[in-house]
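Undergrad: Fold the following, please.
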Amino acid sequence: MTAPPTDLETMALAGRERAVFTRPPGLRGVELLSATFVSHRYLPHAHDTVALALIERGAERYRYRGAQVRAGVGEVATVLPGEMHTGEAVTPDGWSYRVLYLHPDWLVGADGRPLAGFRNDVLADAALSRALRRAHRALLSADATTLARETVLHGVIDHLSVHADHRIGRELPRVPEAVWSVKARLDATPEAAVSLSDLAAGVGLSASHLSRSFTQSVGAPPHAYQMAARVRLARALLDSGESVAGAALRAGFADQSHLTRVFRRVVGLTPGVYQRSL
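TA: A predicted model of the protein is given here:
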């Protein structure tokens, strides 16, 4: 029998699935996830951070930047801020990984230039993988000082610099003005009940035209984007100390159970476990 979970340990989700979310003390804009997933499938969502996921077992695939991407053992899957993506197992055995989420302010190379993107979405670099694993463990260690944590973290960034792509062409395609307006509206008030017809009328498009354009430009249909935005709002409310039930109500979910189901599909763990980990 395993020991009772501590603040930094996992809650069993279902069968062999488990996940641990952590924010290392003293490091703003740094978050960690250690997880094993089998049947879990992420809903389309985006992060405000750069996600660096080291695959420790199995393989993961995810829809990203208009393509299906696959990452296997020892490889580092990357996701840039604001990029809609999914995530699921490649085989019935699932996958295990360590994820490091970094605010873009951390991603500055030795030459002083920001690491706005990478030449490949999945990085096969043994030195980077070792550095990421070492950093992940140090950031979770209660014995590590802030200086030690920052040192290993910058070691990861130094290895990432090798894969930096500073070409302007790596930026997202220009989002049509109407889609940008709808996206901004959903970001500003994700909790609001709104129909596709209402959104389309607000930008002078037909509902079908807006749905196609939004999905093509953003990487997810409007309703899926709204749900991910509601999870972001709920997460901010939980960070501020709001109860799970209160966060569900204020973020526009039908009830606490609804929030719990969707939150897990986006974050990888339930809102209760997420809040306790803080």
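Undergrad: Counting neighbours, which bits of stretch 51-63 end up buried?
TA: Of the residues in stretch 51-63, A51, L52, A53, L54, I55, E56, G58, A59, E60, R61, Y62, R63 count as buried by neighbour count, 16 or more other C-beta atoms under 10 Å. C-beta coordinates here come from the backbone N, C-alpha and C atoms, glycine included.
Undergrad: which pair in those residues spans the largest distance?
TA: Across the buried residues of stretch 51-63, the two members that end up farthest from each other (C-beta to C-beta) are E56 and R63, 21.9 Å apart.
Undergrad: residue ranges with poor pLDDT in the stretch 51-200 of the chain?
TA: When residues are selected by pLDDT under 70, those of the stretch 51-200 of the chain lie in 110, 166-175.
Undergrad: mind running it again at 90?
TA: 66, 107-117, 141-151, 158, 164-177, 197 (pLDDT under 90).
Undergrad: now the helices for it?
TA: Under the criterion DSSP state H, counting those that start in this stretch, the stretch 51-200 of the chain contains helices at 126-140, 146-161, 177-188, 196-203.
Undergrad: want to throw those helices into CSV with mean neighbour count and distance to G29?
TA: Below are the helices of the stretch 51-200 of the chain laid out as CSV (neighbours: other C-beta atoms under 10 Å; distance: least, C-beta to C-beta, whole Å):
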stretch, mean neighbour count, distance to G29
helix 126-140, 19, 12
helix 146-161, 17, 11
helix 177-188, 16, 20
helix 196-203, 16, 32
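Undergrad: Same list, the ones you listed, but as CSV with distance to E75 please.
TA: Rendered in CSV, the data for those read as follows (distance: least, C-beta to C-beta, whole Å):
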stretch, distance to E75
helix 126-140, 7
helix 146-161, 13
helix 177-188, 31
helix 196-203, 38
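Undergrad: Nearest approach to S243 belongs to which of the ones you listed?
TA: Nearest of the helices of the stretch 51-200 of the chain to S243, taken as C-beta to C-beta: helix 177-188 at 23.8 Å.
Undergrad: what's the burial count for the nearest residue in space to T22 that is not next to it in sequence?
TA: Taking C-beta to C-beta, 6 or more residues apart in numbering, and ignoring the residues beside it in sequence, T22 has L32 as its nearest neighbour in space, at 4.4 Å. Around L32 there are 20 other residues, counting by other C-beta atoms under 10 Å.
Undergrad: who touches L32 in this structure?
TA: Applying C-beta atoms under 8 Å, 6 or more residues apart in numbering to L32 gives the contacts V20, F21, T22, R23, P24, R98, V99, L100, Y101, H136, L139, L140.
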